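>>> just to be clear, the model below is a prediction. Sequence and coordinates:
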Amino acid sequence: MLRSMVKNGLGAVKDAHRDYFDTGVRSSFADSLDADQALRAGREQENRWDYVLGHVPSRKLVGVEPHSAESSEVSTVIRKREAALVQLRQHLRDGVSVSTWLWVASGRVHLLPLEEATRRLDQNGIKFVGRRVMAKHLP
């Protein structure tokens, strides 16, 4: 069902979100899925993760969530990942999963206390990357 929504490279990433990817990593993605849009039908009120991308060098899936980076949003981003795990389960082949979950700031960063936010994100398998996804953040 989602296969038809997968686009080459960063094709499924909204133009406004492409700047969240460092120019040096953009070509390392074979394909992309706007998971928020693809999984919306019947789940309009649920949390949804924004993007799932196929990373060529690692041959792994990477989830990227552009979202406001405020302390009050940590729980929301965690809920989005939890929902995505359930929502994507029926669409991925056995043994395939998103290996890296990245949260990229969609505006100014206001995470206080940063240590507590980072600990909560780490416990939930999410890495906050700041304003741009760079090579060091990828598997």
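Right, received. Where do you want to start?
>>> which neighbouring elements make contact with the longest helix seen in the chain?
The longest helix of the chain (DSSP state H) is helix 74-89. Applying 3 or more C-beta pairs under 8 Å, 6 or more residues apart in numbering; DSSP states H and E, one finds that helix 74-89 contacts helix 35-38, strand 60-70, strand 98-110, helix 114-123, strand 126-130. C-betas here are computed from N, CA, C, even on glycine.
>>> contacts for the helix or strand of the chain with the lowest mean pLDDT?
Scoring the helices and strands of the chain by mean pLDDT, DSSP states H and E places helix 114-123 at the bottom, with a mean of 88. Outside helix 114-123, the residues that touch it by C-beta atoms under 8 Å, 6 or more residues apart in numbering are 71, 74, 77-78, 103, 111, 127-128.
>>> which of those has the largest number of neighbours?
Tallying neighbours with other C-beta atoms under 10 Å puts residue 103 at the head of the contacts of helix 114-123, with 28 neighbours.
>>> in this structure it contacts residue 129, no?
Yes. Using C-beta atoms under 8 Å, residue 103 makes contact with residue 129 at a distance of 6.7 Å.
>>> reformat the contacts of helix 114-123 as JSON lines; add distance to residue 35 and pLDDT.
Listed next are those as JSON lines, based on distance: C-beta to C-beta, whole Å; pLDDT from 0 to 100:
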{"residue": "71", "distance to residue 35": "25", "pLDDT": "89"}
{"residue": "74", "distance to residue 35": "20", "pLDDT": "95"}
{"residue": "77", "distance to residue 35": "14", "pLDDT": "97"}
{"residue": "78", "distance to residue 35": "16", "pLDDT": "97"}
{"residue": "103", "distance to residue 35": "14", "pLDDT": "97"}
{"residue": "111", "distance to residue 35": "24", "pLDDT": "81"}
{"residue": "127", "distance to residue 35": "17", "pLDDT": "96"}
{"residue": "128", "distance to residue 35": "19", "pLDDT": "94"}
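>>> how about those, which pair is most distant?
Of all pairs drawn from these, the widest gap by C-beta to C-beta lies between 71 and 127 and measures 16.8 Å.
>>> contacts only, for the residue lying farthest from the centre of the chain.
Ranking residues of the chain by C-alpha distance from their mean position (C-alpha atoms, centre = their mean) puts residue 113 at the top, at 22.7 Å. Going by C-beta under 8 Å, 6+ apart, residue 113 touches residue 71.
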